[in-house]
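> Starting from these lines, generate the structure:
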Amino acid sequence: MLSQAMIQLGERRWSDAAESFRRACPPEQVGLLAPQEQLRRNLALNFADLASHRPRVLQAIETAPSDPRFQIATTPSGRPTIDFVAPGTTPVRLSEGTDPLAYLAAVMEKLKPARQTGKPIAILGSGDGYPLVSLARHPIPLAFEAQQCVYLLEPNPANLMMVMLIHDLSGPNGPIQQPRFHWFVGRDCVAEFRGSMLADLYLPFPQVTLANAPDGTQLAGQLPQAMRDLVACDARLEQQLSRRYADLPVDRLIRATSPDRDRPPRALLVTTRFSTVLQHSTADTARALRELGWEVQVVIEPTAHHVLTFPAIRRSLLDFDPDVILQIDHVRSEYGSLFPGTLPFLSWTQDHLPNLTSADTGRSQGPLDFLLTNHGPWYSRNFAYPAENHIALGKLTQVPALPTSWNSDGPDLCYVSNASKQPEVAAREMVDSFRDYPELQELARACADQLIADYGEGRSYCGTVAMYELIARVAGTDARQNLRGIPELATELFERVNNLLYRQQALGWAVEVAEKRSLSLAIHGSGWDKLPRFAAYAKGPIAYGRALEELTRASKINLQIVPYFCLHQRLLDGLAAGGFYLVRSHPSDHTIARLAGFLLAHAPGARTRDEAARLIPPSHLAEFDRLAHDNAFIADRLDPVELVRVMQGQGLFLDGQSMPPRIDEVSFSGKAQLADRIDRFLPDADLRKSLALQQRSAVLGTLSYTSGMKRVMRELHELLSARFGRQEQSLNAA
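Modelled structure (predicted):
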């Protein structure tokens, strides 16, 4: 078999030779080959991979003249390296010292900060190949599965030929097959690199260089020109955008967002592949807009080693010419002048992040910056966002197609969540987050301890207002007035610690009921196997999408447990998938509907609690005060009437009825009530399915991505028409 491989190698039948070598000598037996046979095996495997994945590199090597200056050498360690032997000079070893692996270790240590942060690296000359192989086969894992981009610039194909002989670069983990490695080989390698950077504007420019060849310094001196070319390209794109959007007519935007438009409107959606939630939500938004007749382009990194760059986004703007830009959890001002001010920019605040909850950010909003949020009054009151540019929008769900029929023959009870962290661990992390505020850190620790103790005694807390009360009780004063940072502490206590305790408390009830009644219970998500109380029921993570939808339908009873209004993302998606849910009762599931009905009867035009108090007849003020108090769980952000109006802006509680319908029938407030609900619904599959489908229909009518985007674009059209419709001027003039 080896002789056959040698013949095929001589005939340049690279793939055949590689296969013959693999059959004759599996990887674990390579060390048994003679040195020359190892070199030929490496060459066959590498050239076969080049032929399939990088034919231009193979051609550059095959057509290059021989260059005797590059020679394979053996070090005292016995490992091969490459010597550069120029006529009349002392040979230069491309690995310093007597052992290439020792030199490699020093190089990798030097590159460690760049590798840990994923900074793109340019290898200037292939050297003796050890760093190239190590960067490929031993990457440091990056957040969100990002990949480090590596550029190889090799002006001397003969050097690379020697590398092909002494190293096996083949296979999925080698630098030939991995797309994150970009190869430029030959005397024009720098020019090809510059051309590639200009052709693919999502490629990150190298921030770290490794001079790995005799002429590495010369190559490094040429890279700045490539950067200047990119800067010049970006300047040209910016000028083109400025000219195109300098005088955009108002009526174009009004017509584009009108139901009676004369062409499909265009939406540019910006997201990142390095956030699972954001990219999935953006993809669902794109599908919804397309269903509504929009043309949509999503700007996202093409691969895990690409990045979003200003030139790439500007090129998308020019090529697509959108009417509207939409991005989740970011605003226009974060990008400077990147996005033209004459295009509406819709910022969907799915999370209240520091880049959004800032008065400077609020003041930066222009007339065409619209905030899609379920906390509009809070953003205006605390962060100077213009109130007239709010469009109410909370969580939405996609609409999976349901099978014509299905059997709920899975577990009796099912819970899906990643809220598996031990509360004590979460408490320590929360306390540590206040390390820069010593005066708060001890209070945070005491509050967390008290919170855990209260849950141990069977108590629970339903909102941030309760956290303020807990803080005041622990501090022995009205902490909200006397200590700085109390709002942040209340939020952190609620989100990091109370959230876990609230969920795990009710899940503990489910465990007790299941064990008493011999029911099957499946807990899906990461980390549950580490908690003794739940480990026996832990089933591991479940993939988002079809797998989760099928599990939801198959489970007889799904559990929804959140310390806020029940229509959280998990419940929305679960109902859309056709699943049946029992829901831990939260006051907001019931009190918002009651207050909405009261306002409909007595103060239909009121937008705030103070306005309502002025409009409501004196005979009904006591009832109003009671209903308002019942809805005060997030009073630090929205007053109760504002909360109702924000919900109604999303299409909920318009008639004062509960949402989802029949929520009272499926709610439980303690272990005994959970047991009663299980006893009622578990034996009756038809009742479960009919109720689930009724709730699904109500949810999809208001909170599907299609319904939500239809409403958002309708409101955007109304805002644009009301503000600019009678003005015959450009948006810049407006």
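> With just CA atoms, put stretch 432-451 into CSV.
Only the C-alpha atoms of stretch 432-451 are listed here, as CSV (Å, rounded to 0.1, in the frame of the first residue of the first chain):
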residue,chain,number,x,y,z
ASP,A,432,-19.6,40.8,44.6
SER,A,433,-21.1,43.0,42.0
PHE,A,434,-21.2,45.8,44.6
ARG,A,435,-17.5,45.6,45.4
ASP,A,436,-17.0,49.2,44.2
TYR,A,437,-19.7,50.4,46.6
PRO,A,438,-18.5,49.2,50.1
GLU,A,439,-21.3,51.0,51.8
LEU,A,440,-23.8,48.9,49.9
GLN,A,441,-22.0,45.6,49.9
GLU,A,442,-22.7,44.6,53.5
LEU,A,443,-26.3,45.6,53.1
ALA,A,444,-26.5,43.5,50.0
ARG,A,445,-25.1,40.5,51.8
ALA,A,446,-27.6,41.0,54.7
CYS,A,447,-30.5,41.4,52.4
ALA,A,448,-29.6,38.3,50.4
ASP,A,449,-29.3,36.3,53.6
GLN,A,450,-32.7,37.5,54.8
LEU,A,451,-34.3,36.7,51.4
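> The residue nearest to Asp351 when sequence neighbours are not counted - how many residues pack around it?
Spatial nearest neighbour of Asp351, excluding adjacent residues (CB to CB, 6 or more residues apart in numbering): Asp329 at 5.5 Å. Where C-beta positions appear, they are placed from N, C-alpha and C, glycine not excepted. Here the number of neighbours of Asp329 (other CB atoms under 10 Å) works out to 18.
> just Pro65 next, same as before
Look at Pro65: counted by other CB under 10 Å, it has 6 neighbours.
> show me what contacts Pro541?
Contacts here follow CB atoms under 8 Å, 6 or more residues apart in numbering; on that basis Pro541 touches Asn418, His524, Gly525, Ser526.
> Between these, which sits nearest Ala506?
The shortest gap between Ala506 and any of the contacts of Pro541 belongs to Gly525, at 14.8 Å (CB to CB).
> Excluding chain neighbours, give the residue nearest to that closest one in space.
Asn418 (4.4 Å).
> these two touch, right, the residue nearest to Asp351 and Pro354?
No: when contacts are counted by CB atoms under 8 Å, Asp329 is not listed as touching Pro354 (10.7 Å).
> pLDDT value on the residue sitting furthest away from the middle of the chain, please?
Here the chain reaches farthest from its C-alpha mean at Gly88, the gap being 57.8 Å by CA atoms, centre = their mean. Listed pLDDT for Gly88 reads 79.
> quick one, helices of the stretch 51-200 of the chain?
Secondary structure of the stretch 51-200 of the chain (DSSP state H, counting those that start in this stretch): helices at 55-63, 100-117, 130-137, 157-166, 189-199.
> could these go into TSV alongside distance to Ser585 and mean pLDDT?
Putting those into TSV (distance: least, CB to CB, whole Å; pLDDT from 0 to 100) gives the following:
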stretch	distance to Ser585	mean pLDDT
helix 55-63	65	95
helix 100-117	46	95
helix 130-137	54	96
helix 157-166	67	95
helix 189-199	58	96
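> Which of those helices has the highest mean neighbour count?
Greatest average neighbour count among the helices of the stretch 51-200 of the chain goes to helix 157-166 (a mean of 24), per mean count of other CB atoms under 10 Å.
> So which elements touch that helix?
When contacts are defined as 3 or more CB pairs under 8 Å, 6 or more residues apart in numbering; DSSP states H and E, helix 157-166 packs onto helix 35-53, helix 55-63, strand 70-74, strand 80-84.
> picking up where we left off before, so what does the residue nearest to Asp351 have for phi and psi?
Dihedral pair for Asp329: phi 70, psi 20, per degrees, to the nearest 10.
> Restrict stretch 700-712 to CA atoms and write it as PDB.
Extracted in PDB, the C-alpha atoms of stretch 700-712 (Å, rounded to 0.1, in the frame of the first residue of the first chain):
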ATOM      1  CA  LEU A 700     -51.200  34.700  18.500                       C
ATOM      2  CA  GLY A 701     -53.900  37.300  17.800                       C
ATOM      3  CA  THR A 702     -51.900  39.900  19.700                       C
ATOM      4  CA  LEU A 703     -48.400  38.700  20.600                       C
ATOM      5  CA  SER A 704     -47.100  36.800  17.500                       C
ATOM      6  CA  TYR A 705     -44.300  38.500  15.700                       C
ATOM      7  CA  THR A 706     -46.600  39.100  12.800                       C
ATOM      8  CA  SER A 707     -49.300  40.700  14.900                       C
ATOM      9  CA  GLY A 708     -46.700  42.800  16.800                       C
ATOM     10  CA  MET A 709     -44.800  44.000  13.700                       C
ATOM     11  CA  LYS A 710     -48.100  44.900  12.000                       C
ATOM     12  CA  ARG A 711     -49.100  47.000  14.900                       C
ATOM     13  CA  VAL A 712     -45.600  48.600  15.200                       C
END
